[in-house]
Structure formats: structure tokens, C-alpha cells
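In: sequence? don't have it. structure:
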């Protein structure tokens, strides 16, 4: 039986109206797998449930002295065992595929969402939570989706066994028919407390993961200032909170597990006692008693599956809720149907702040609030992610066209936002610089403009096998072997090489010394001559190279002009640039 190749070419468009709707959509997306798993489950458990029948026939044949009956019963038991073994193999194969399919589908959806939203995703949801969704949560979701087919099979076999026992002995059959759902429902009162405790555990786990990721990312800086022990203590405290929450969840789960063992056991004892009473009174034969006991004892398996399903549902609903939260982030202002015409010859305008970056000019933006500057830089790229229920701001316009109304790929090609803390992926320098570009700027020119000569030397020193070719030199994960300024310059070179029509840079030289910053400012201006460039900065060395500087205060552009002019005419601007105590704002508008 061929299985579909993973990863999927298209993970699809999920139903995000609720966690339950999302789980149902995952089940519908693998209908064939669900049907096959249900069939194999019925085959496996049906044969196992039928095994007591030949056993009872064999016992009765032995009591009656029927040798041929014993052989027939043995052959039937052997055939049922062989078919059950085949069903077990087929079920396990299909169940594992269903689990992997659902987990892979969720991972692809999360990866696609992260690709669509870019660095703005981390501004809406903590990195640790995103990691938790892409790792532990997908496993819980896949487990539940896989288990649904086995639950269907268990229900079918339970009804079949109940019907068979009902025909043999009505009172016993009625007990089996009604007893199983009652025992299965006994676990439901514990689901609420377990789900609440598990939700708390997952939330604390996400925070611990986020703290660990931040600590590892800043380990080099922490070592420089001697802060390892402080952050280690913080992580230990967060880890202990996760441990305590996990213990609280385990307590409820242990009670659920105990119920799944104790109650079915008591049920089997009660049914067996009544059957023995019937056999002793001569109302049923010994073989029938053995068959009824075996079938009743088998019902512990469906009950275990139903208990497992209750647990899986509890954790999967929590995990699905987290996944839905991530996947629900979107920009909801307009439908992406418009197109851009000549983005490099169009002004970039933000109606929320009144900021205008003129076409072909180097525009510097000065903000007193670094966080607002980072958010505004993201806005200028369009398609900023919004949480559910969040009111969107007016879209940024490029040449009169709303960027949020432009297909995402076209918006990304027109406006490139260079993040304040860009990530360098591991690999060679050639792989790092292998980005979509216009071809106007050569790699050597981009590296020269970013003043990365010493970075190339450091890479070659750290890669003896590169043969003196910097492009073959290796870069470690996140460029950890390089200093902050060196990583910053490599990332800047990558953005300059892409040569987008509009380039937005957020503090591109914050980690370099003044001499290097001055050279980068001159190189940036030369490299981006005639191209629209927006630089968020407060450094006079960068501001002095700009064609125009815009001051943004309290969410509005309040002044614009050349750097030297604003230093003399705008006290607020001068206070931000020189880092003096900010005076009372003066002046109105741009």
C-alpha cells in the first residue's frame, strides 16, 4: 500500500475558527488514512474479540469428548490469530503514518506562517511559544488525530461484542452494552482539572524555552559581563515551576490511569461472577461461559483506548489552541489583489505617522523610542501580523498603492526590511550571500560598502580548508564565532547585495565603532545612489549622509530637513541625537 510522500507540496488552508475545528480539519485532510486505520483497527480488535469463541468451542468439545471439534476450534483460533497479527501490522503502519502526516502538516503550516510574517511574528508571540508549537505541540496534535481512527474501531467492536453477548445471554449483553460507556464516562470529571493543569504546564514550559533561547543567544555577552550565574538561576527557577506544574498534571493523570485499570477490572469480575452463577445453575454451558468471559475481558482494550483518547483530547485541545493562535495572525486590512508599478520610482508613505520617504533618496528617521522605531520599520515593509481582534492601522503606501493589498511576495520584493538583529545561518559565505538580487550589485561591492574586510579575514582564519577563498569560508550557527559588529556588517552586505527598490535599515551600525561607522555611512550612500533607502538611526555619522532626516515623536512625524539644519532648529531632535535630557517639544508638523 503506497503512502503519500512527505513533506506535503501544500499543507492546505486550515479551519482556524476554534481548536476543535482545527483538529477536525486535520482529520478531514487525511480521509483515506483515517478510513484505512479504522478498517485495520476493526480487523485487529474484531479478531481478538472473536478468539474466545473458538476457545469456548474447544473447551466444550473437550467436555463432550469431540476430538474433531477440538481440531476445528484450534484451526479457527489459529486463523483468527494470524488475521489479528496482520491487522496489527497494517494498523500500526497506517497509524504511524497518520500521526506523522498530521504532525508534519502542522509543522509546515507554522513554518509557512513564520515565512509569511517574517520577524514580525516574534513581536506578537514569544519565541519560546513558537518553538513549543513547532515541537511538543505538533506531537500531541498528531497523537490525537491518529487515535481517532482507533477509537472508531473500538466503538464498532464494542457494539459487535455487545450484540453477540446479547444474543447469547440478554442480561449479560445488556450489562456489556451499557457498562462500557458508563466506565468510559467515569474519567470525564477528571478531564477539566487535568486540562487546566496541563495548560499551565505548557505555558510555563514556553516561558522556560524562551528564557533558554534568549540566554543561549546572548551567552557571549553574558560571559563578558559575568552574568551567566544570574541567568542560570533564573532558568533554574523557571524550570522548577515547570517541574511543579508537571507533577500537578501527573497527579490527575495517575488517577485517570488508575480508573482505567480498576473499573474495567471490577466490571469483568462482576460479569464473570454472574456468568459462573448461570453456568452453575445449568442455564449456560462451560464453553459459553469461557467465551462470554473472554469477550468481556477483551473489552478492557477498547476501554483503554477510550481512556487514552480522553487524555489525548485534553492535551491536543490545549496544543491546538496554541497552534491556532500562531496561525491566526494575519494582516486583515485588504485583499491582496493590487499590483505595484515602478516601486523604485515611488514615494513610500505611512499614513499612521505621516512619514514620507521620497523615491531615490536616502531618508533617515530619528525616533526617541527604539521599540517604536523597530515597529515602524516593520510597518514600512507591509503585511505586519495582527493578533485576532486587534485593530489594524492604515496600510503603508508605495506610490499610492497599499502594500497590504499587494501579494506578499511582490511586497517583499519591493521593500526589504533589514532587522536590527538579523540572523546569520550556518554554512559558507557564498551560501549566505546567495539571495535573490537585481544583479546590479556584486558581492564584492556589497562587502566593500559594508566595510567587511576584517570579517573576511576572520572567516578565512577560522576555515583553514577554504584555500584562501573567503566565499568558501564557513560561518557557524548565527555567526557566533564573529563579534556583534562583524555579524552586523555581513548582514548589511547581504541586504545591499539584494538591491531591493526600497531598503529599510533599522540601526545597521549600532555595534561598530565610530571610524567604521563613518566609512559604512559613506559606502551605503554610494551603493544606494538613486535607490530609495530608509535608515532608522540616531548616529550623527549616518544622519549627516542622509538627503533628508525626519523626526518622529509620539507616533507622528513632526519635523524634517537636513541633519545640520535640524540640530539648530529643533530642540527635540538635538536632544535625541545628542542623548541629552529631552526638552519640551516645540514646532508642529513636517
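Out: Cool, the structure landed. The structure displayed is predicted, hence computed values, not measured ones.
In: Report the secondary structure state of the nearest residue to residue 381 once chain neighbours are set aside.
Out: Nearest non-adjacent residue to residue 381, counting by C-beta to C-beta, 6 or more residues apart in numbering: residue 417, 3.9 Å away. C-beta: built from backbone N, CA, C; applies to glycine. Secondary structure for residue 417, judged by DSSP: H, G, I helix; E, B strand; the rest coil, is strand.
In: From residue 360, how far off is residue 417?
Out: 19 Å (C-beta to C-beta, to the nearest Å).
In: neighbour-wise, which of those two wins?
Out: residue 417 (23 against 17; other C-beta atoms under 10 Å).
In: Would you mind naming the residues that bridge with that one?
Out: On the basis of DSSP bridges, residue 417 takes part in beta bridges with residue 504.
In: Isn't it up against residue 504?
Out: Yes. Residue 417 lies in contact with residue 504 (C-beta atoms under 8 Å); the separation is 4.6 Å.
In: Name the residues contacting each of those two.
Out: 377, 380, 381 (C-beta atoms under 8 Å, 6 or more residues apart in numbering).
In: what about the closest residue to the second one other than its chain neighbours, how many residues close to it?
Out: Read it as residue 380. Excluding its sequence neighbours, the residue lying closest to residue 380 (C-beta to C-beta, 6+ apart) is residue 504, at 5.0 Å. Neighbour count for residue 504, taken as other C-beta under 10 Å: 26.
In: Could you do residue 283 as well?
Out: Residues near residue 283, counting by other C-beta under 10 Å: 11.
In: What of residue 271?
Out: 22.
In: Look up which helix or strand it falls in, please.
Out: Taking DSSP states H and E as the definition, residue 271 sits inside helix 228-280.
In: elements contacting that helix?
Out: Packing partners of helix 228-280 (3 or more C-beta pairs under 8 Å, 6 or more residues apart in numbering; DSSP states H and E): helix 170-185, helix 191-217, helix 219-225, helix 286-298, helix 300-327.
In: now it and helix 300-327, what's the angle there?
Out: With axes from the mean of the first three to the mean of the last three C-alpha atoms, to 10 degrees applied, the angle from helix 228-280 to helix 300-327 works out at 150 degrees.
In: Taking helix 191-217 as reference, get the angle to helix 228-280.
Out: 150 degrees.
In: so how far does stretch 419-433 reach from one end to the other?
Out: 16 Å (C-alpha to C-alpha, to the nearest Å).
In: what's the answer for stretch 561-573, then?
Out: First residue to last in stretch 561-573 (C-alpha to C-alpha) measures 11 Å.
In: what's near enough to touch residue 7?
Out: Residue 7 is in contact with 104, 108, counting by C-beta under 8 Å, 6+ apart.
In: Revised request: answer the last question for residue 423.
Out: Per C-beta under 8 Å, 6+ apart, neighbours of residue 423: residue 478.
In: Use 799 as the first number from now on
Out: Sounds good: first residue 799 from here, last item residue 1221.
In: gap between it and residue 1206?
Out: With C-beta to C-beta as the criterion, residue 1221 and residue 1206 are 20 Å apart.
In: Over to residue 1365?
Out: In terms of C-beta to C-beta, residue 1365 sits 40 Å off from residue 1206.
In: Over to residue 942?
Out: In this view, residue 942 and residue 1206 are 31 Å apart by C-beta to C-beta.
In: ditto for residue 900
Out: For residue 900, the distance to residue 1206 - C-beta to C-beta - is 26 Å.
In: cool, and residue 1156?
Out: 25 Å.
In: where in the stretch 1049-1198 of the chain is pLDDT low?
Out: Counting by pLDDT under 70, the ranges of the stretch 1049-1198 of the chain that qualify are 1082-1087, 1089-1091, 1093-1094, 1128-1137, 1183-1189.
In: Tell me if I'm right that residue 1223 and residue 1233 touch.
Out: No. Between residue 1223 and residue 1233 there is no contact under C-beta under 8 Å: 11.2 Å.
In: okay, these two: which has more neighbours?
Out: residue 1233 (13 against 10).
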